[in-house]
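**Student:** Next one to model:
(one chain, ligands or ions: 1)
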Amino acid sequence: MNIILLGAPGAGKGTQAHAIEKNWRIAPLATGDLLRRITSSETGAEENPLSIELREIMATGALIPDALMIGILEEEIALSKYANGFSLDGFPRTEAQASALEGMLLKNGLRIDAVVLLTIDEKALQARIEGRLFCPSCGASFHSSLNPPKREETCDMCDTRLERRKDDNAETLRKRLEVFHGQTEPILPFYEKQNLLIKIDGMRSIDEVAEDIQQSLLKLDTRS
Ligand code: AMP
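**Tutor:** Reported below is the predicted structural model:
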């Protein structure tokens with residue numbers, strides 16, 4: 001099964017992608033994590049002109065050019081860890097990306113089975129974003145108060161030291177919300193028309209949201 005997770009930054013897409021992985025054995029594919037991995041100083045890529053350019057764009061909250069993104073994504077989904085499916089988080093972000101994705105998946109004999117939209121009260125976003133921690137190695141996400149790791153600043157899954165994202169600040173959040181409303185929300189009718197869109201209230205606890213998604217996906221699974 002291949003899923004797209006949609007929602008404003010901080011809506012909980014990454015957290016839910018990991019819950020979906022446990023239930024369905026489909027790997028999370030977050031384009032932001034993928035880009036952070038590619039540009040991470042740990043991989044020794046910091047001198048590479050491409051990663052310098054990517055990092056600069058990401059720091060402002062603007063979008064990486066489509067052709068570059070779709071190429072990176074196509075290479076990634078060919079990996080064996082996605083043989084059972086993927087949950088896409090952070091892609092597509094624009095109508096152009098949605099139709100490029102459809103074409104690329106078709107070319108690879110794949111399709112999207114469901115699009116999960118996590119809705120959220122934007123007044124709560126600032127607090128969610130401020131405490132956010134991520135694992136640069138496995139992509140797991142935590143929150144200093146809402147979902148703390150068992151050991152301080154350390155990933156529960158792989159023991160890597162957790163990091164804060166450079167773009168988790170008020171100014172970049174404002175820009176990213178602008179991009180979400182202006183460019184990502186207009187994608188919704190595209191998926192609604194295909195009867196793929198599932199709307200989930202993302203303001204409840206992590207477990208309640210996960211259960212709601214699980215029930216919706218189970219219904220879908222029995223339908224197909
Ligand atoms: P995210 O972790 O999904 O919030 O992504 C962080 C940053 O990575 C974004 O603000 C963009 O600069 C870049 N990025 C992630 N996904 C995409 C995408 N689908 N298209 C273009 N840029 C992206």
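
**Student:** Tell me where this structure is predicted with low confidence.
**Tutor:** 41-47, 221-224 (pLDDT under 70).

**Student:** Next, count neighbours for the single nearest residue of the chain relative to the ligand.
**Tutor:** Closest to the ligand within the chain is G32: 1.9 Å, counting by CB to the nearest ligand atom. Quick note: C-beta positions are derived from backbone N, CA and C, even for glycine. For G32, the neighbour count with other CB atoms under 10 Å is 19.

**Student:** Kindly report the same for N23.
**Tutor:** Quick note: N23 (other CB under 10 Å) scores 13 neighbours.

**Student:** Next: T94.
**Tutor:** With other CB under 10 Å as criterion, T94 counts 18.

**Student:** ok, the nearest residue to it once chain neighbours are set aside - contacts?
**Tutor:** Distance criterion CB to CB, 6 or more residues apart in numbering; nearest residue to T94, sequence neighbours excluded, is Q183 at 4.6 Å. Q183 makes contacts with 63, 93-95, as judged by CB atoms under 8 Å, 6 or more residues apart in numbering.

**Student:** same question, A27
**Tutor:** 21, 81-82, 84-87.

**Student:** these two touch, right, the residue of the chain closest to the ligand and F91?
**Tutor:** No. With contact defined as CB atoms under 8 Å, G32 does not count as touching F91 (9.0 Å).

**Student:** Which residues belonging to the longest helix along the chain are considered buried?
**Tutor:** Identified as the longest helix of the chain according to DSSP state H is helix 206-223. For helix 206-223, a neighbour-count test (16 or more other CB atoms under 10 Å) marks 206, 209-210, 212-214, 217 as buried.

**Student:** How about exporting it as PDB, limited to the C-alpha atoms?
**Tutor:** The C-alpha coordinates for helix 206-223 follow below in PDB (Å, rounded to 0.1, in the frame of the first residue of the first chain):
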ATOM      1  CA  ILE A 206      -0.800  10.700  19.000                       C
ATOM      2  CA  ASP A 207      -2.500   7.300  19.900                       C
ATOM      3  CA  GLU A 208      -6.000   8.500  19.100                       C
ATOM      4  CA  VAL A 209      -4.900  10.000  15.700                       C
ATOM      5  CA  ALA A 210      -3.000   6.700  14.900                       C
ATOM      6  CA  GLU A 211      -6.100   4.600  15.800                       C
ATOM      7  CA  ASP A 212      -8.300   6.800  13.600                       C
ATOM      8  CA  ILE A 213      -5.900   6.400  10.600                       C
ATOM      9  CA  GLN A 214      -5.700   2.700  11.300                       C
ATOM     10  CA  GLN A 215      -9.500   2.300  11.200                       C
ATOM     11  CA  SER A 216      -9.700   4.300   7.900                       C
ATOM     12  CA  LEU A 217      -7.000   2.200   6.300                       C
ATOM     13  CA  LEU A 218      -8.500  -1.000   7.400                       C
ATOM     14  CA  LYS A 219     -11.800   0.000   5.800                       C
ATOM     15  CA  LEU A 220      -9.900   0.800   2.600                       C
ATOM     16  CA  ASP A 221      -8.100  -2.500   2.700                       C
ATOM     17  CA  THR A 222     -11.300  -4.500   2.900                       C
ATOM     18  CA  ARG A 223     -12.800  -2.500   0.100                       C
END
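
**Student:** Run the chain-centre distance for the host helix or strand of E76.
**Tutor:** Per DSSP states H and E, E76 falls inside helix 66-77. Computed by CA atoms, centre = their mean, to the nearest Å, the separation of helix 66-77 from the middle of its chain amounts to 15 Å.
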